[in-house]
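[1] Make a model of this:
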Amino acid sequence: MINTVKNWEELSLRIGGQFTFSETNRAHAGLIYKFRIIKEVSNGQIAIEQFVMEHGKDSFQNSLVTICYKTSGREKISLQIWRKTLLARIFDRGLKTGDDAFDRKFFIKSDFWDELSILVKNQDFKNFISAHYDVFFTIKTVQNETMIIFKVNSFKAIFEAYLVLCELVKIVHSNSIFHQNLPTDRRNVLHN
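    Below is the predicted model:
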């Protein structure tokens, strides 16, 4: 666990965020470890988090790390992207980006495609999601809080997902997709 905490601390320093680690002992679930980094930006927050549960000799690690940008936003907006299943490939359903190689691999669902397609067409985004097999991506609004979320299964992919997320946040705000001003990071991390 010490190495894991050290890795999270180093990541926090690298992105300029605030790292927290907590440990909870629950009789029915065993030990629960929570790793979290919060990076404040002027119009929202970027949170990176993972949970690990340990019970007896068995250890269960939520293999997905969530990298999420949260901001006050629209009443409703949604977009989901995941790798196509065999059935989805046969019926060729889903929205298209115009990149045949990408469109063959990924299923895209959105009620707001005209506004959000600019994000999916970003080459850094397409490269990242194509290079990492188990990446889940979504944009959604819950109780007037709009979130851009990556879920990755590799600690090594976290920083790359963070950089891509920062690029998407710049695109979102420069195109007024969430109808707010461009967030400015106090340390200019979003401009990397």
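
[2] for this structure, what spans make up the strands?
    Here the chain has its strands, by DSSP state E, at 18-26, 30-41, 44-55, 58-61, 65-72, 78-83, 106-110, 136-142, 145-152.

[3] CSV for those strands, including distance to Val164?
    The C-beta positions use only the backbone N, C-alpha and C, and glycine is treated the same way. As requested, the strands of the chain are arranged in CSV below (distance: least, C-beta to C-beta, whole Å):
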stretch, distance to Val164
strand 18-26, 21
strand 30-41, 14
strand 44-55, 12
strand 58-61, 23
strand 65-72, 9
strand 78-83, 13
strand 106-110, 15
strand 136-142, 9
strand 145-152, 7
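
[4] Can you say which of the ones you listed is nearest to Trp8?
    Nearest of those to Trp8, taken as C-beta to C-beta: strand 30-41 at 4.8 Å.

[5] residue ranges with poor pLDDT in the protein?
    Low-confidence regions of the chain, defined by pLDDT under 70, span residues 1-3, 27-29, 42, 55-63, 73-75, 86-92, 179-192.

[6] residues of the longest helix seen in the chain that come out buried?
    With residue count as the measure and DSSP state H as the assignment, the chain has helix 158-174 as its longest helix. Within helix 158-174, the residues that count as buried by 16 or more other C-beta atoms under 10 Å are 158, 160-169, 171-173.

[7] How about stretch 119-138?
    In terms of neighbour count (16+ other C-beta under 10 Å), stretch 119-138 has its buried residues at Leu119, Val120, Asn122, Phe125, Lys126, Phe128, Ile129, His132, Val135, Phe136, Phe137, Thr138.

[8] could the residues you listed be laid out in TSV, adding distance to Phe19?
    TSV is the format used below for the buried residues of stretch 119-138 (distance: C-beta to C-beta, whole Å):
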residue	distance to Phe19
Leu119	28
Val120	31
Asn122	28
Phe125	26
Lys126	30
Phe128	23
Ile129	26
His132	23
Val135	23
Phe136	24
Phe137	24
Thr138	25
